[in-house]
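structure of the sequence below:
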Amino acid sequence: MAMGGMPRRGHGRRRAPMAEINVTPLVDVMLVLLIIFMVTAPLLTAGVPVNLPDSRAQPVDQQDKPIQISMDEAGKIYVEEEEVPFGALPGRLATLPKGDGAPQIFLRADRGLDYGRVMQVMGELSRAGLTKVALVTNGEQGGDAAR
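Numbering: from 1, shown residues only. Sure thing, here's the model as predicted:
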């Protein structure tokens, strides 16, 4: 007799399907995707344009009239049309509504201003609880566009 052994019963039947699912490849793919997103997410937030005054952005649609804060080339600050010294700016900003009713702020700064000076004003806006701030730039046709 040959070494083949006894003939199997049910020789013509197929194997029963496996009831378990191998999830190891799925976990491997998900971990790789997680690592890719963790590495690329910080890079996506660093895309702030440096030359803010020149922009091709479309104007922002507004239902309510925003409050305009302007800084001229000498560094003088204007809330709407009223000149406000930097020391009096926190008191002036305290009169504006806060929370959900806080108005949109359009910050218009001259391109020749020092970056630190603009950031001082933005810091005062943040400290006053006014976080809806848009930087205004020159649009393509020479009009204003919020960015």
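
going by C-alpha atoms from here, please, whenever you check contacts or count neighbours.
OK.

pLDDT weak spots in this structure?
Applying pLDDT under 70 to the chain picks out residues 1-12, 43-63, 99, 139-147.

could you tell me whether residue 125 really is in a strand?
No. Assigned with DSSP: H, G, I helix; E, B strand; the rest coil, residue 125 falls outside any strand and is helix.

what about it, distance to residue 76?
16 Å (C-alpha to C-alpha, to the nearest Å).

in terms of neighbours, single out the busier of those two.
Legend: neighbour count by other C-alpha atoms under 10 Å for residue 125 and residue 76, higher for residue 125 (19 against 13).

isn't the more buried one right up against residue 131?
Yes. Counting by C-alpha atoms under 8 Å, residue 125 does reach residue 131; the two are 7.0 Å apart.

all helices of this structure, in order?
24-44, 89-94, 115-127 (DSSP state H).

from residue 69, how far off is residue 83?
Here residue 83 is placed at a distance of 10 Å from residue 69 (C-alpha to C-alpha).

all strands of the chain, in order?
Ranges of strands in the chain, per DSSP state E, are 67-71, 77-79, 82-84, 105-109, 133-138, 144-146.

in CSV: these, plus mean neighbour count and distance to residue 40.
Output for the strands of the chain, formatted as CSV (neighbours: other C-alpha atoms under 10 Å; distance: least, C-alpha to C-alpha, whole Å):
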stretch, mean neighbour count, distance to residue 40
strand 67-71, 19, 35
strand 77-79, 19, 38
strand 82-84, 14, 42
strand 105-109, 22, 30
strand 133-138, 20, 26
strand 144-146, 20, 27
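
need these in JSON lines with distance to residue 37, can you?
Formatted as JSON lines, the strands of the chain follow (distance: least, C-alpha to C-alpha, whole Å):
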{"stretch": "strand 67-71", "distance to residue 37": "38"}
{"stretch": "strand 77-79", "distance to residue 37": "41"}
{"stretch": "strand 82-84", "distance to residue 37": "45"}
{"stretch": "strand 105-109", "distance to residue 37": "33"}
{"stretch": "strand 133-138", "distance to residue 37": "28"}
{"stretch": "strand 144-146", "distance to residue 37": "30"}
